[in-house]
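Chemist: any chance you can model this:
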Amino acid sequence: MGAFENKLRNFVPPSLVFNKEGLESIAQMNKDCHRVSGLSGLMFSLHRIRRQRRKWIITYYARDSLSQAVAEFRLTVGEIKTKDARNISCTVKGDFTSSVHSPTSSTTTVGLLTELTSFLPAKTAPLVYGLLEPCIVKKIIWAGDGSSEESEWMVKSSDLVVSLTVEGINPTSSYRIEVGLNDVAAEALKAHCKKKGGTKNSFEKALQIGEQRRFIYADNWKVWPKTITIRYGGGEDKLSSRASAVNHVLGTYERAACRHTVNQNGLWVRKSEGNAPTLYLLIKPEVSRTGPDTAIISTSLGHDETSCILAYFPVDWQPCDALEPKLQKIEGVRFTCWSSAPALNCFIPKSNIQVSAPMTDVKSKELIRVSGLSDPDLQTLCRSGTPCLDGYEKINFTRSQSAQQSIRCFNSVCVAPILKHAATKRLLYDLSPDASWVELKPENDSYFGCCQKTVPPRPIEHWHYDQEREAWERRSEPGASRNYYLALQAAPQAFEFFVDKTERYLKINLNPEVAAHHATSHLILGRGETLERQVTVQFRLSSILAQADPVLDMFKVYSCDRESPTVVQLKSPHKLYLRQQKAVTKMLAIEDRNTEFEEIELSEHTMPGATGWSVMAKASRGTRISGGVIADAIGKTKSQLD
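Modeler: Residues are numbered from 1 along each chain as shown. Okay, the predicted model is just below:
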């Protein structure tokens, strides 16, 4: 998986941009309800590549002058629908909505799904609250024979609101009954909503907007229908004059027998028949808990795959309503409609960003260099910078609000080109998980683990006996903790960032000695003098992206079967078993310090930002152990060895 991710990162561009004409044509629809006009001229930078079950998610972010994300462009590679046999997309033509069926050769729809989500409706007036769904999508479906089917850019238009009749038969246990709730829980909720100091005020407000079902159960909350039949609520004579998309959701849905696979165990399936695709009636959870869960009809089992959702039920509808004749007619069912955007195009912009890495000069400490930075990028990176004597500005990524702005700029501008360079070309150090360790030797007899500037000593504790209280108290010098905190801030870091404003580049230095000092100090601290001379230090650079799935061997504890027995005289009639005599041989070898052992301490330092790189130092020391723990099995008469 790590190797495939490197190939994928090498293939995808570090930045994308949409053409101005296409965004302006979309802005003319529905009074620019998605506010895409504000995205004109913005560049989408690669943010991360994440693996999920049967698919990969590639995320791009567009940011404003304050480095705040204003839009997201997401690419899904792999399974774009969960257990779905065909693809349905609605296209608006005049006042009607038509649906296009794209059958696939298997029950899994595999391809490329692109989704653009604008965050500007939540940032500019009039504000839109709640979850923002993708407003622009495009699909490329891959068939099993190597062919593909590409759709146009589709823009989410105004919803089609209709009435449906939803009838249910064959009552079954509801989700609340299945989890073990009873009448006591229902009555307790009603009492709590009427009690002062409880949720009375919130319940009264919910009554005003018709969301009382968020607080109390329905009258017939114990039963859900096994079979649900959906018909057009306006009558068959009016169905032809409405959108044909409504006709695709009509039919009979059977409740799935499986449990604990979907939200609230609420899943009704309409099986495919002829040209009619398989559809799912399920409950989409409101993860942010800003409103009730909503029932939807989708072509996918995944409730978070918003491009597959065909219809939204009103927020107050519950499956038990299908068994009540007075509640079977539902007003305000919203059908999602998409219109074509042929003028929209996505381009890979020309970038001045160049990445280079030295391959021979180890003493320079330079790991990688990013050149071609623009003036706004340099200004944002240097917000947390400190001038140095050599003309550079040292960037701090760990403290203050300015540091957070600098790290966001580094992630959006530099991380993608750096990772792309590491995936296509080599660095000075190998990033693979099986890379060999590089030996590190101290210079000028400055042994590792003894540098108090790199590893500041902790404040010294003094114990004082209080005669009056007759108890020992722990004391330290005034301000010792503050001085220790400042020393930690001033300590050198394993990764250091420097910006040259004149030459317009960012330089990242690697100091493996910092990690070596930390690893060695853990090994020698408080164990006597001159121990640091016996320590061997190695380091290597690693990357989370390059890590492969681990292949673990079975954990083994070697026994004493190969040891020769040692006879121990015990009081008659006691006598050691043969296996115990062999254990005594091993124990005596340990006590005589004839058993070699390697002490190891590791120290890992992560590179700031989203690169996922870290440097790890390993300090080791050969020694001979004395003493141990008898770990024989229970009932093996360990007491005879005492």
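
Chemist: drop to CA atoms for contacts and neighbour counts, all remaining ones
Modeler: OK.

Chemist: and residue 7, which of the three is it?
Modeler: Reducing the assignment at residue 7 to three states with DSSP: H, G, I helix; E, B strand; the rest coil gives helix.

Chemist: could you report the neighbour count for it?
Modeler: 14 (other CA atoms under 10 Å).

Chemist: who's in contact with it?
Modeler: residue 423 (CA atoms under 8 Å, 6 or more residues apart in numbering).

Chemist: quick check: it vs residue 527, distance?
Modeler: Residue 7 sits at a distance of 48 Å from residue 527 (criterion: CA to CA, to the nearest Å).

Chemist: quick one: average pLDDT of stretch 619-638?
Modeler: For stretch 619-638, mean pLDDT rounds to 76.

Chemist: got the domain boundaries for this protein?
Modeler: Domain assignment for the chain, taken from automatic domain parsing, gives 1-159+336-349, 161-334, 354-527.

Chemist: so which of those domains gets nearest residue 585?
Modeler: Proximity to residue 585 (CA to CA) singles out domain 354-527 among the domains of the chain, at 29.1 Å.

Chemist: so how far is the closest one from its chain's centroid?
Modeler: Taking CA atoms, centre = their mean, to the nearest Å, one finds the center of domain 354-527 at 26 Å from the center of the full chain.

Chemist: could you do stretch 208-223 as well?
Modeler: 35 Å.

Chemist: need the contact partners of that stretch.
Modeler: Taking CA under 8 Å, 6+ apart as the rule, stretch 208-223 contacts 171-174, 176-177, 186, 189-190, 193, 203, 206, 292, 315-316, 320.

Chemist: between those residues, which has the most around it?
Modeler: residue 320 (22 neighbours).

Chemist: how many neighbours does the closest residue to that residue other than its chain neighbours have?
Modeler: Using CA to CA, 6 or more residues apart in numbering and skipping residues adjacent in sequence, the residue nearest residue 320 is residue 224, 4.9 Å away. Residue crowding around residue 224 was assessed by other CA under 10 Å; the count is 25.

Chemist: ditto for residue 211
Modeler: Residue 211, neighbours per other CA under 10 Å, totals 17.

Chemist: what about the residue in the chain sticking out farthest from the centre, distance to residue 583?
Modeler: Going by CA atoms, centre = their mean, the residue of the chain most distant from its centre is residue 572, 66.5 Å out. Distance, residue 572 to residue 583, by CA to CA: 21 Å.

Chemist: ok, which stretches of this protein are helices?
Modeler: 2-11, 20-27, 175-178, 183-194, 200-208, 236-239, 375-381, 400-410, 416-424, 480-490, 512-524, 578-591 (DSSP state H).

Chemist: turn those into a markdown table, including distance to residue 623 and mean pLDDT.
Modeler: As requested, the helices of the chain are exported to a markdown table (distance: least, CA to CA, whole Å; pLDDT from 0 to 100):
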| stretch | distance to residue 623 | mean pLDDT |
| --- | --- | --- |
| helix 2-11 | 37 | 76 |
| helix 20-27 | 69 | 92 |
| helix 175-178 | 61 | 90 |
| helix 183-194 | 65 | 85 |
| helix 200-208 | 68 | 79 |
| helix 236-239 | 86 | 48 |
| helix 375-381 | 48 | 87 |
| helix 400-410 | 44 | 84 |
| helix 416-424 | 39 | 85 |
| helix 480-490 | 32 | 89 |
| helix 512-524 | 12 | 93 |
| helix 578-591 | 12 | 87 |
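
Chemist: which of these is buried the deepest?
Modeler: helix 512-524 (a mean of 23; mean count of other CA atoms under 10 Å).

Chemist: show me what it is in contact with.
Modeler: By CA under 8 Å, 6+ apart, helix 512-524 touches 440, 448-451, 454-455, 492-494, 531-532, 535, 537-539, 599-605, 615-619.

Chemist: alpha carbons of it, as PDB, please.
Modeler: The C-alpha coordinates for helix 512-524 follow below in PDB (Å, rounded to 0.1, in the frame of the first residue of the first chain):
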ATOM      1  CA  PRO A 512      20.400  13.700  13.600                       C
ATOM      2  CA  GLU A 513      22.700  14.600  16.500                       C
ATOM      3  CA  VAL A 514      19.700  16.000  18.400                       C
ATOM      4  CA  ALA A 515      17.900  12.700  18.200                       C
ATOM      5  CA  ALA A 516      21.100  10.900  19.100                       C
ATOM      6  CA  HIS A 517      21.500  13.000  22.300                       C
ATOM      7  CA  HIS A 518      18.000  12.200  23.400                       C
ATOM      8  CA  ALA A 519      18.300   8.500  22.800                       C
ATOM      9  CA  THR A 520      21.600   8.200  24.600                       C
ATOM     10  CA  SER A 521      20.500  10.300  27.500                       C
ATOM     11  CA  HIS A 522      17.700   7.900  28.200                       C
ATOM     12  CA  LEU A 523      20.200   5.100  28.200                       C
ATOM     13  CA  ILE A 524      22.900   6.500  30.500                       C
END
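
Chemist: so for the residue lying closest to residue 18 once chain neighbours are set aside, what's the pLDDT?
Modeler: Take residue 18 and drop its neighbours on the chain: the residue closest to it by CA to CA, 6+ apart is residue 346, 4.6 Å away. pLDDT recorded at residue 346 is 91.

Chemist: cool, residue 431 as well?
Modeler: pLDDT, read off for residue 431, is 85.

Chemist: give me the phi and psi for it.
Modeler: phi -100, psi 0 (degrees, to the nearest 10).

Chemist: I'd guessed it sits against residue 541; true?
Modeler: Yes. Counting by CA atoms under 8 Å, residue 541 is a contact partner of residue 431 at 5.7 Å.

Chemist: tell me which residue is most central in the chain.
Modeler: Centre-nearest of the chain using CA atoms, centre = their mean is residue 50, 7.2 Å out.
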